[in-house]
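1. For reference, the sequence and a predicted model appear below.
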Amino acid sequence: MKFAFLIFKYFPYGGVQRDMLRIAKDCVALGHQVTIFTGEWQGQQPAEIQVKLCASNGWRNHTRHASLISAMQQAVRAEPFDLVVGFNRMQPIDVYFAADSCFIAKAHEERPWWYRLTSRYRWFQQAEASIFSPSSNTHILTLTPQEQTTFQHWYQTPSERFHLIPPILDPQRFPSFNRAHGKQWLADTFGILPEQIALLLVGSGFKTKGADRAVTAIASLPESMRKNVRMLIIGQDNPRWLQKHIEAHHLSGQIQVLGGRDDIPQLMQACDWMVHPARRELAGHVLLEAMACGLPVVTTNVCGYAPYIENAGAGIVLASPFTQSALDQALATALTSERATFSKAGLACANQLMQDNPGKAEAKLLTQLASEKNIGSTNTAP
């Protein structure tokens, strides 16, 4: 069958972007053809998948999005597809991969009242409603039960249109890595000595991932502990405001802010703790990857995958509402705890997840939905 995948922008270090490309490759492995329509592609294009770039215009984000959606839909209509899958809020699509948190919930819970009077709010709310309203026929791939509950609270979406995707970990992404060698690699590459404590934060969107919270927590550590801590912050974002925050806490010599990298599994296996105090995170696949690398985690319970950390005993999960003092205490507790216990528990949980979902869950579901759509079209044809 022929699938069309629509996404506003592709770059190698975005979570939904990585999911999109993985699912596209899984569909190809099942014998299907996939064409990706996007406004921008960063990095190498996959040889087995056709990528078509579409133009957009406009001064504001939502006007550019509207223009791009129009261009992508026009391109999709030019050739027949068995299934159209959107990875951002848009219509018309057959399937929506819900990698973004519920927009209207965030607008009411995290924004001032006047934000809901703006044209930006109206555009994104209408785009979301076109997918989740009871009158829509779009199927929705969700990553956590919590987010399905949120969408249904705001839109009363019928349950049968939701499809919960189990978390997936690719064993090939986590080759065995000698920890002693990893510590030496950290020293050679980043100047972090083996006897120092190496912290890691991974995620594009430093504010959303709570990078400033992590910096503040390091600054709050007792001097005897703080002087031995080093941190790497990895992600694709403008680091200027974060660098100022680091400088204000006099930690410039201890914290490095880097761009996106391809050696995240190696970093995870070499570092001592991951700190992920996210302000919001629909799932947080990076938490599962940390477990697969034996890296204990300090995180917040707003992350959809945080229950895996908590239930496995693979780290410390902060309750809501967030307080900086709670994170400060959690980090100090983590750094004085027996790391190996958390690491072993995380590895056991990750291995179980790999056994429970060997892969291609989304691709198999898309194949089923496309078949059902084609059967329905045949049955209703004149």
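-> Looks like it arrived, so ask away.
2. Just the local confidence number for residue 175, please.
-> At residue 175, the pLDDT value in this model is 74.
3. try the one 3 residues further on
-> As predicted, residue 178 sits at a pLDDT of 81.
4. just the one 4 residues further on next, same as before
-> At residue 182, the predicted lDDT confidence score is 91.
5. excluding its backbone neighbours, what's nearest it?
-> Setting aside the residues directly before and after it, residue 182 is nearest to residue 270 in space (C-beta to C-beta, 6 or more residues apart in numbering), at 3.1 Å. (Glycine included, C-beta is placed from N, CA and C.)
6. ok, now which ones touch the one you found?
-> Residues counted as contacts of residue 270 (C-beta atoms under 8 Å, 6 or more residues apart in numbering) are 177, 179, 182, 183, 185, 186, 198.
7. go again using 6 Å as the cut-off
-> 182, 185, 186 (C-beta atoms under 6 Å, 6 or more residues apart in numbering).
8. For my notes, confirm the second one occurs in a helix.
-> Spelled out, it's residue 185. Yes: counting by DSSP: H, G, I helix; E, B strand; the rest coil, residue 185 is part of a helix.
9. Excluding chain neighbours, what is closest to it?
-> Residue 185's closest residue in space is residue 270 (C-beta to C-beta, 6+ apart), at 6.0 Å.
10. What about the one you found? Give its phi and psi, please.
-> Main-chain torsions, residue 270, degrees, to the nearest 10: phi -100, psi -30.
11. remind me, longest helix of this protein?
-> In the chain, taking DSSP state H as the definition, the longest helix is helix 361-380.
12. per-domain residue ranges of the protein.
-> Taking automatic domain parsing as the domain assignment, the ranges for the chain are 2-166+358-380, 171-356.
13. which one of those is the most hemmed in?
-> Of all the domains of the chain, domain 171-356 carries the top mean neighbour count, a mean of 18, counting by mean count of other C-beta atoms under 10 Å.
14. end-to-end on that one?
-> The first and last residues of domain 171-356 sit 12 Å apart, counting by C-alpha to C-alpha, to the nearest Å.
15. Next: stretch 162-181.
-> 45 Å.
16. Tell me how far that stretch lies from the chain's centre.
-> Centroid separation between stretch 162-181 and its chain, computed with C-alpha atoms, centre = their mean, to the nearest Å, is 14 Å.
17. try stretch 260-273
-> Relative to its chain's centre, stretch 260-273 lies at 16 Å (C-alpha atoms, centre = their mean).
18. Residue 266 falls within a helix, correct?
-> Yes: using three-state DSSP, the assignment for residue 266 is a helix.
19. Apart from its neighbours in sequence, what residue is nearest it?
-> Excluding the flanking residues, the one nearest residue 266 by C-beta to C-beta, 6+ apart is residue 177, at 6.0 Å.
20. Quick check, that neighbour in contact with residue 267.
-> No: counting by C-beta atoms under 6 Å, residue 177 does not reach residue 267; the two are 9.9 Å apart.
21. Can you spell out which helices and strands pack onto the host helix or strand of residue 123?
-> Residue 123 belongs to helix 119-132 when elements are defined using DSSP states H and E. Packed against helix 119-132 by the contact rule (3 or more C-beta pairs under 6 Å, 6 or more residues apart in numbering; DSSP states H and E) you find helix 103-110.
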